[in-house]
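**Student:** Got a predicted model here, sequence first, then my questions.
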Amino acid sequence: MRIINRKPSRVTSVALTALPFAATIGAYALASHYRRLENPADKLLPSLQQMGETFWRMAFVPDRRSGDLLLWLDTYDSLWRLGMGMGVATILALSLGVLIGFIPHARSALAPYIATFSLIPPITILPILFIMFGLGETSKVMLIVIGTAPVMIRSVSQEVMNIPRELIIKAETLGASVMQMIFRVVLPQTLPRLVNAMRLGLVPAWIFLISAEAIASTSGLGYRIFLVRRYLAMDVILPYVVWITLLAFIIDRLLLLLSKRAFPWHHLGGESL
Amino acid sequence: MRIINRKPSRVTSVALTALPFAATIGAYALASHYRRLENPADKLLPSLQQMGETFWRMAFVPDRRSGDLLLWLDTYDSLWRLGMGMGVATILALSLGVLIGFIPHARSALAPYIATFSLIPPITILPILFIMFGLGETSKVMLIVIGTAPVMIRSVSQEVMNIPRELIIKAETLGASVMQMIFRVVLPQTLPRLVNAMRLGLVPAWIFLISAEAIASTSGLGYRIFLVRRYLAMDVILPYVVWITLLAFIIDRLLLLLSKRAFPWHHLGGESL
Amino acid sequence: MSATPKISVRNVAKTYGHMTVLERVNLEVEEGAFCTIVGASGCGKSTFLRMLLSQETPSSGRIELDGAPLPGEPTPDRGIVFQKYSVFSHLTVEDNLILAREFERSRLLGRSFGKGRKAARAEINDTLEKIGLGAARLKYPAQLSGGMQQRLAIAQALLKRPKVLLLDEPFGALDPGIRADMHELLLGLWEELAMTVFMVTHDIREAFKLGTRILVFDKIRHDPQAPDAYGATITYDLPLNRKDAGPPPELAGLAVNADTSTGASA
Amino acid sequence: MSATPKISVRNVAKTYGHMTVLERVNLEVEEGAFCTIVGASGCGKSTFLRMLLSQETPSSGRIELDGAPLPGEPTPDRGIVFQKYSVFSHLTVEDNLILAREFERSRLLGRSFGKGRKAARAEINDTLEKIGLGAARLKYPAQLSGGMQQRLAIAQALLKRPKVLLLDEPFGALDPGIRADMHELLLGLWEELAMTVFMVTHDIREAFKLGTRILVFDKIRHDPQAPDAYGATITYDLPLNRKDAGPPPELAGLAVNADTSTGASA
Amino acid sequence: ANAEEKKDFKVCWSIYVGWMPWGYLQDSGLMKKWADKYDITVDIVQINDYVESINQYTAGEYDGCSMTNMDGLSIPAGGGVDTTALIVGDYSNGNDGVVLKDKTKLEEIKGQNVNLVELSVSHYLLARALDSVGMSEKDITVVNTSDADMIAAYATPDVTAVVTWNPLLSEIVAQPNATEVFNSSGIPGEIIDIMMVNTETLADNPDFGKALVGAWYELMGIMSSDSEEGKEARTAMAEASGTDLAGYDAQLATTKMFYTPAEAVEFTKSPELSETSKFVAEFLFDNGILGEGAPSPEFVGVEFPDGSVYGDANNVKLRFDTSYMEMAAGDKL
Ligand SMILES: Nc1ncnc2c1ncn2[C@@H]1O[C@H](COP(=O)(O)OP(=O)(O)OP(=O)(O)O)[C@@H](O)[C@H]1O
Ligand SMILES: Nc1ncnc2c1ncn2[C@@H]1O[C@H](COP(=O)(O)OP(=O)(O)OP(=O)(O)O)[C@@H](O)[C@H]1O
Ligand SMILES: [Mg+2]
Ligand SMILES: [Mg+2]
């Protein structure tokens, strides 16, 4: 049988999935081992054990200065910011996306502007953003919004425009007003794709969260990484990166699950990643 | 007629498009004017004229220290890095995307790994990238690749999986081998979507380019912005941001044009943004 | 003609780029007519229906509805069943059918809840049985066979009880039994509501059985050098008498043609 | 039976989740047979074809091709025309038609250039004219009408000259004239190549005209409480004699049914 | 000017050995104690990014900000914001250094790529170091490298020379192949860490200055003592900067802290400060940092405690004012 028609069995599939992860960990352990053979005090690639210990300490030993469990404090603060930022970005993406995708006049007025706006790398105008939104939580949330919303808006409006014209016409012949079409046709058809846009948007959202926390903050995962970076404390940074990746992965899977639960009709066709 | 069926005329459309841009420039000019009333030497919001002069000087007056025309030097270096980064990312996206989307075994092995990888904020693992790729041009290009490729791979593989199964089956009944299907069905069906993925990928690519140039370099648009940020020279930063946005916009339009020229069949349906 | 015709088409032409699809189409249709449209595939029948729906505008000429220019956009007084059956993929069978009712009842969101929803769902029980989708009421369109989707699309359009109904090969994917049921359903509503119907079909017998008037589209001008230069127009426009035993003499050729194609066994 | 049958289906059933679509399907088909398949819409005809193509695997039972188990994937010896005509949207009409040839000639990339390409394009001139797409040879599928796309799909499958040809309502969107041409094209190739054909149709006349054997799919067991519990099977399996004037007596009921639906005018 | 009396003030600081007391002032409640005394509120805000903190101050978001004399002259003063050096906290005495990989003499830097934060005090230190051996920037190539990446950058083979500050400096010097060939103890008193405040705000609200100075020197007293309390304070500062007490004390060792107001006053009044300002202004001018409108290094005026001015007396934007520190020295707060 052709390779494209052969589905790996359950066991093979799990093994194949584990392979590159195992390879990465193995390669790291080796590189770390040899570096520490040369210089036992090497900080760049700490041993797995060392990282495990540090992670354990961050998670379960209260900080001497504040008495907090740093990992959980950082995680909570970061997730809160990420949630707010993604929430605002999602609302913007949905409302502006539908407007741009569905109403030609709104499209003329906003699409080029937002397309242009989405191309401005936010880090270049940080000083202006900080002046506009202050250095508190707002600016961090806004940086996430500015970093993710334009692309999300763009992709949602494209999805709205991709709704087969026949469906819109059908709704018109069934007597729907513009509002009704938005609520009963456009939104339901777009929502599963919005979830997809959110999943893609989470990648830059994390990046901007970490950048924002590195600039002005006193807690959060990005702050901690930034703080210990000046001592090259990779034994803190690497477990934090793994932790961030794990969190991001869980959020991603939750969104996929949400989409499958809430929009079963959307998943009747092929698989999705 | 319903607003969704009314298309703005050519003139209205141009006016609507110009409106938000004009409003932004107007708002800026006003804010700048009032700030400079208070402090004539204000650096945060320089006047439009001042920015124009600075831009002119960057573009056409040789630098005192090096004798270079800074703008063109920076632009050339940055575009070179961006091009290399996007080139590598595109090749990766296409090859891995087809592999993952088309071959179930490759999907099992690579999809979760790349999905996980795409969630790692690259700035957090810079030190490791430095050991792997040094501090020269390679590391800058690689940062762009790492920042854009995973998402592009993900979206290309999803597009490959979205190719109607009927077409693949049809090709099989016409006697195609796996290679032939890749070259005659999968690639052509995917290419226009790859161009789209590239257009979306350019947004993070610029961000990572600028971050990369902030790390260690002696030229480039991002380098200049970070350098003059040390003395809040917004009269350099803002025109540079506009310039970057313009470059990004031109590249975006060129890609859209390329797609329309090279894949006319893909654009027979609705409009695209 | 004394009364205003329901629909009048005056010298309409339609071109796509350099290609003329339809030209010099003239037609007056009185209220309550059942026009069946036949013609070679690719000659512009679907395009003609799309213009009647205001989905496309004629490149030249004019279409009038009740004596006034056709509205510039689709309106609820003209229903449509597309050639590629399009139903709402995010709604179950029953929700597809109650949608029009919901649009009427809930002006803002177009969505009913609780009791209203239940009542609306009860109202369509009959229809569901008639189109044979009673058992599939909770399925999504992607879970239905082609013919089932087509029946759903027809029922959805009929439930809105439009004044003008446009049907583009609505029965193509149906088996004879179901097709006969659908014919009955359609004819029943047509008589009851005095709808004006335009139906494209490739089945000449069906055209004769259902129509009160048959419109044949064909190209009469040809330029071998430029096959796209001329479009099709209405070449025959004949009234049909349901009680007739066979096609009128003018269409004998067509009917023979139809016989060849659908089997000489009869 | 002396020779191995071309295809034998043994006690095949197919379920989707809790729903049984087909059950207890048994069939032996000799080489060169032209089987037409009829049945109510949604009863599993397309599903049956998909299993013959190896696009789906039976939930139970076995299918054999030339005495050996059916390959686990579609192969070039079985051609298909899908119900929703699917041609390659990125290729023009002529490139769609030469694709199979290109796959044969250029083993690696499946793409011919220059002369080879020109020659391949010349080879299909005849076919293009026969299916009436000569003027549209440079168009993309999205620029064609429904019927034109369907003709293209049929021609594409026929050009590969498969040993077994599976057709799912191939002539649904065609007008009678074109349909007759396509019948001729198909029958000509069938005789020439001794193909084994399975064709789903809703047109009983067409089924009688073309087939050497007719298979009727229907549900015989019903459970009103659980409409999905039982599936359809082959209820009639009759040889047809082309020279017969009408359907065999066993199918009189069916034929009458067909008459009701396609017009009593004949 | 438009006299603006206000009650609520905000100052910002970023993580650096000499500025860690600012964070501790806020956390320990010392600042609140002093602010209450003058019936005002002072909010001390930590900003991780040093440049961003100065930018925010320059844009008017904060009333005061900790920065070096050089950055005070280039950013706020150069940007027309009249700024007063309220608390001269310390100067770098080995906290900034030039490090070569596999080389041991400063002269050997010739022809190399030197990684540093361009236009920062590191750049200034390098210029002064090159000066001391008769070279200039033309003899080397400066590669702008972000401070956060400096240690990792040094670990790569391409990087052979860096100029940086603590704690990065001590991390790099700890590498086996690294030699510190020049440091700021070679130019004592030239890299000064200062709490800068807006001159107008200070003039309109002297209580603001008094509260800051009072709180600062109370903490200096605690911090410099060998008592339990002092140790506790230093430990807290150490952890806030991401290290431990030993690490922090090591950084303090290369910093000349002015633990008493008298020392600070004496340093600020010394004539060398004027000389330093000239070096700095020339360095800034040579690198185009004073802006295109600047016709000469003397474009921005710097006023010293004795009333003398370096540069344009009509455009004085940076003022060294010892009056508040003298109040602290005289216990008049
Ligand atoms: N958007 C379009 N752009 C260009 N040409 C088009 C477009 N839509 C239709 N055509 C052309 O117009 C002609 C008429 O198409 P139409 O779909 O109306 O035919 P039809 O009579 O409905 O055929 P069928 O019976 O096969 O459905 C065709 O030749 C088609 O190629
Ligand atoms: N992927 C699927 N998942 C669930 N049910 C399915 C799926 N595909 C088909 N079915 C169900 O299987 C039954 C048979 O479908 P099939 O398409 O084979 O019917 P058919 O006989 O070809 O009908 P038609 O004449 O309308 O094309 C239908 O009731 C349909 O709802
Ligand atoms: Mg049509
Ligand atoms: Mg079917």
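**Tutor:** Yep, that arrived. Numbers count the residues shown, from 1 in each chain, chains lettered A, B, ... in the order given. Ligands and ions are numbered 1, 2, ... in the order given.
**Student:** from here on, contacts and neighbour counts on C-alpha atoms
**Tutor:** Noted.
**Student:** which SS state does the residue most central in space within chain C fall under?
**Tutor:** Centroid-nearest residue in chain C, with Cα atoms, centre = their mean: C:Leu167, separated by 1.1 Å. Taken by DSSP: H, G, I helix; E, B strand; the rest coil, the conformation at C:Leu167 corresponds to strand.
**Student:** how close does it sit to E:Leu212?
**Tutor:** Per Cα to Cα, to the nearest Å, C:Leu167 is found 84 Å from E:Leu212.
**Student:** A:Ala176 and C:Phe103 touch, don't they?
**Tutor:** Yes: counting by Cα atoms under 8 Å, A:Ala176 touches C:Phe103, with 5.7 Å between them.
**Student:** So which of those two has more stuff around it?
**Tutor:** Legend: neighbour count by other Cα atoms under 10 Å in any protein chain shown for A:Ala176 and C:Phe103, higher for A:Ala176 (28 against 22).
**Student:** ok now do the more buried one, which residues does it touch?
**Tutor:** Contacts of A:Ala176 were listed using Cα atoms under 8 Å, 6 or more residues apart in numbering or on different chains, and they are C:100, C:103-104, C:110.
**Student:** Which of the three states applies to it?
**Tutor:** A:Ala176 is classified as coil under three-state DSSP.
**Student:** State the distance from it to ligand 2.
**Tutor:** 29 Å (Cα to the nearest ligand atom, to the nearest Å).
**Student:** Can you give me the pLDDT of the nearest residue to C:Leu53 once chain neighbours are set aside?
**Tutor:** The shortest distance from C:Leu53 to any non-neighbouring residue, by Cα to Cα, 6 or more residues apart in numbering or on different chains, is to C:Pro74 (5.6 Å). As predicted, C:Pro74 sits at a pLDDT of 91.
**Student:** Quick check: residues of the stretch 1-150 of chain C near ligand 1?
**Tutor:** By the rule Cα under 6 Å from any ligand atom, the part of the stretch 1-150 of chain C lying against ligand 1 is C:16, C:21, C:41-47.
**Student:** now these: which count as buried?
**Tutor:** C:21, C:41-47 (16 or more other Cα atoms under 10 Å in any protein chain shown).
**Student:** Show me where the stretch 151-300 of chain E has its strands.
**Tutor:** For the stretch 151-300 of chain E, the strands defined by DSSP state E, counting those that start in this stretch cover E:161-165, E:178-183, E:192-198, E:255-257.
**Student:** thinking again about what came up before, may I see the contacts of A:Ala176 organised as CSV, with distance to chain D, pLDDT and secondary structure added?
**Tutor:** Shown next, in CSV, are the contacts of A:Ala176 (distance: Cα to the nearest Cα, whole Å; pLDDT from 0 to 100; DSSP: H, G, I helix; E, B strand; the rest coil):
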residue, distance to chain D, pLDDT, secondary structure
C:Ala100, 26, 90, helix
C:Phe103, 30, 91, helix
C:Glu104, 32, 89, helix
C:Gly110, 31, 81, coil
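**Student:** What is the nearest of those residues to B:Ser139?
**Tutor:** Proximity of the contacts of A:Ala176 to B:Ser139 (Cα to Cα) peaks at C:Gly110, which lies at 55.2 Å.
**Student:** got a list of what that closest one touches?
**Tutor:** Neighbours of C:Gly110 in contact, by Cα under 8 Å, 6+ apart: A:176, A:180-181, A:183-184, C:99, C:102-104.
**Student:** for the lengthiest helix in chain A, packing partners?
**Tutor:** Taking DSSP state H as the criterion, chain A has its longest helix at helix A:70-102. Helix A:70-102 sits against helix A:48-60, helix A:104-118, helix A:137-162, helix A:187-215, helix A:221-229, with contacts defined as 3 or more Cα pairs under 8 Å, 6 or more residues apart in numbering or on different chains; DSSP states H and E.
**Student:** what is the mean pLDDT for the lengthiest helix in chain E?
**Tutor:** Longest helix of chain E, by residue count under DSSP H: helix E:206-224. Helix E:206-224 shows an average pLDDT of 93 in the prediction.
**Student:** export that helix as PDB, just CAs?
**Tutor:** C-alpha atoms of helix E:206-224 as PDB (Å, rounded to 0.1, in the frame of the first residue of the first chain):
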ATOM      1  CA  PRO E 206      10.500  71.100  47.800                       C
ATOM      2  CA  ASP E 207       8.900  68.600  50.100                       C
ATOM      3  CA  PHE E 208       9.200  66.000  47.400                       C
ATOM      4  CA  GLY E 209      13.000  66.400  47.400                       C
ATOM      5  CA  LYS E 210      13.200  66.400  51.100                       C
ATOM      6  CA  ALA E 211      11.200  63.200  51.500                       C
ATOM      7  CA  LEU E 212      13.300  61.300  48.900                       C
ATOM      8  CA  VAL E 213      16.600  62.500  50.300                       C
ATOM      9  CA  GLY E 214      15.500  61.800  53.900                       C
ATOM     10  CA  ALA E 215      14.400  58.300  53.100                       C
ATOM     11  CA  TRP E 216      17.500  57.500  51.000                       C
ATOM     12  CA  TYR E 217      20.000  58.500  53.600                       C
ATOM     13  CA  GLU E 218      18.100  56.800  56.400                       C
ATOM     14  CA  LEU E 219      18.400  53.600  54.400                       C
ATOM     15  CA  MET E 220      22.100  54.300  53.600                       C
ATOM     16  CA  GLY E 221      22.800  54.400  57.300                       C
ATOM     17  CA  ILE E 222      21.100  51.000  57.900                       C
ATOM     18  CA  MET E 223      22.600  49.400  54.800                       C
ATOM     19  CA  SER E 224      26.200  50.300  55.500                       C
END
